[in-house]
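Asks: Generate coordinates for the sequence data below:
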Amino acid sequence: MYNTRIHYGYISIFFHWLAAATIIALFALGYYMVDLTYYHQWYKTAPELHKSIGFLLFILMIVRVVWRHKQLTPEHLTSHSSLERKMGKLTHSVLYLLIFLIMITGYLISTADDRGIEVFELFTVPGFGSFIENQEDVAGLIHQWLAYTLILLASLHAIAALKHHFIDKDNTLNRMIGRRQKNLNQAKDKMENT
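Replies: Numbering: from 1, shown residues only. Here you go, the predicted model:
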């Protein structure tokens with residue numbers, strides 16, 4: 001369940017893949033809904049769904065950050081170069097930053113007219129109105145370009161994981177999909193060689 005020095009625990013793995021799937025779904029929905037006309041059946045439904053799921057992602061990400069700081073971080077694999085270690089850490093930090101900035105700008109878009117955000121009609125996240133002139137448009141443009149940047153960076157992150165798996169043949173990807181046998185064998189080999 002918990003992270004060790006060798007592998008990620010199932011809770012960390014769950015947070016990673018749930019956040020990834022949710023972000024991809026939100027991006028697809030956001031891309032789809034921007035061109036809907038007033039008379040389209042999803043004209044009101046798509047934005048409400050996007051906002052509701054986005055708020056739940058915000059809660060998930062806060063829990064994930066707290067969880068991450070309370071857990072051990074698995075050690076880097078010996079096959080990772082110094083540059084790969086630095087780039088991996090930078091990429092993860094930028095991904096987290098982008099996710100939170102996208103959610104903040106989404107909130108600023110949705111609440112610019114002083115209305116709150118209805119989350120699946122269960123509760124309302126209060127709105128505080130506009131803080132700047134044309135807040136909805138400014139925040140919308142920033143939200144859009146941050147989302148494109150996030151998807152690009154997440155794609156590069158996925159390509160790097162596949163490179164580690166298929167070219168380097170190391171356990172980088174295995175650790176995040178829960179395959180532990182190879183990690184345990186690697187740890188045993190490491191201990192036998194020392």
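Asks: and the helix or strand hosting Tyr32, how far from the chain's centre?
Replies: Here Tyr32 sits within helix 10-33, counting by DSSP states H and E. Mean-position distance between helix 10-33 and its chain equals 7 Å (CA atoms, centre = their mean, to the nearest Å).
Asks: just checking, next helix/strand downstream of that helix?
Replies: Next along from helix 10-33, by DSSP H and E: helix 45-70.
Asks: Let me know the average pLDDT across that following helix.
Replies: For helix 45-70, the mean per-residue pLDDT is 98.
Asks: Show the contacting residues for the closest residue to Thr111 other than its chain neighbours.
Replies: The shortest distance from Thr111 to any non-neighbouring residue, by CB to CB, 6 or more residues apart in numbering, is to Gly127 (3.0 Å). (Each C-beta comes from the backbone N, C-alpha and C, glycine too.) Listed by CB atoms under 8 Å, 6 or more residues apart in numbering, the contact set of Gly127 reads Ser110, Thr111, Ala112, Asp113, Asp114, Arg115, Gly116, Ile117.
Asks: Looking at this structure, which helix is longest?
Replies: For the chain, the helix with the greatest residue count under DSSP state H is helix 135-166.
Asks: That one versus helix 10-33: what angle between them?
Replies: Calculated by axes from the mean of the first three to the mean of the last three CA atoms, to 10 degrees, helix 135-166 forms an angle of 130 degrees with helix 10-33.
Asks: What residues sit buried inside helix 135-166?
Replies: Buried residues in helix 135-166, counted by 16 or more other CB atoms under 10 Å: 135, 138-140, 142-144, 146-147, 150-151, 154, 157, 160-161, 164.
Asks: chain center to it, what's the gap?
Replies: With CA atoms, centre = their mean, you get 9 Å for helix 135-166.
Asks: Show the average pLDDT along that helix.
Replies: The model assigns helix 135-166 a mean pLDDT of 97.
Asks: elements contacting the helix or strand that that helix is followed by?
Replies: Sequence order places helix 172-177 as the next helix or strand after helix 135-166, per DSSP H and E. The elements that helix 172-177 packs onto, with contact taken as 3 or more CB pairs under 8 Å, 6 or more residues apart in numbering; DSSP states H and E, are helix 10-33, helix 135-166, helix 181-193.
Asks: could you redo the last one with a cut-off of 6 Å?
Replies: helix 135-166 (3 or more CB pairs under 6 Å, 6 or more residues apart in numbering; DSSP states H and E).
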